[in-house]
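Colleague: need a structure here:
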Amino acid sequence: MTGLSTVLIVVGLFLVGGIISFVKQKMPTSLIVLLSIGAAMCLIAGVMRLEVWS
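Modeller: Residues are numbered from 1 along each chain as shown. I've put the predicted structure just below:
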């Protein structure tokens, strides 16, 4: 597990927490969708960079 994959996964999980918080605060849907796209990209990039796949 490299440092960059760890950082990407942690940032993705942080953004997921932000999504949960924004949903509870009833923020605009477009903002939640944008944040969830960013979280998904971070998590996918972090998982794809894991050295398990090679």
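Colleague: pLDDT weak spots in this structure?
Modeller: Filtered on pLDDT under 70, the chain yields the residue ranges 1, 53-54.
Colleague: looking at it, which helix is longest?
Modeller: Using DSSP state H, we find that the single longest helix of the chain is helix 3-24.
Colleague: beyond it, next helix or strand please.
Modeller: Once the chain leaves helix 3-24, the next helix or strand it forms, by DSSP states H and E, is helix 29-48.
Colleague: what's in contact with that next one?
Modeller: Helix 29-48 is contacted from outside by 5-9, 11-13, 15-16, 18-19, 22-23, using CB atoms under 8 Å, 6 or more residues apart in numbering. Just so you know, the C-beta spots here come from the backbone N, C-alpha and C atoms, and that holds for glycine as well.
Colleague: try stretch 18-27
Modeller: So stretch 18-27 is in contact with 31, 32, 35, 36, 39, going by CB under 8 Å, 6+ apart.
Colleague: going by neighbour count, list what's buried in it.
Modeller: Across stretch 18-27, burial judged by 16 or more other CB atoms under 10 Å covers 18, 19, 22.
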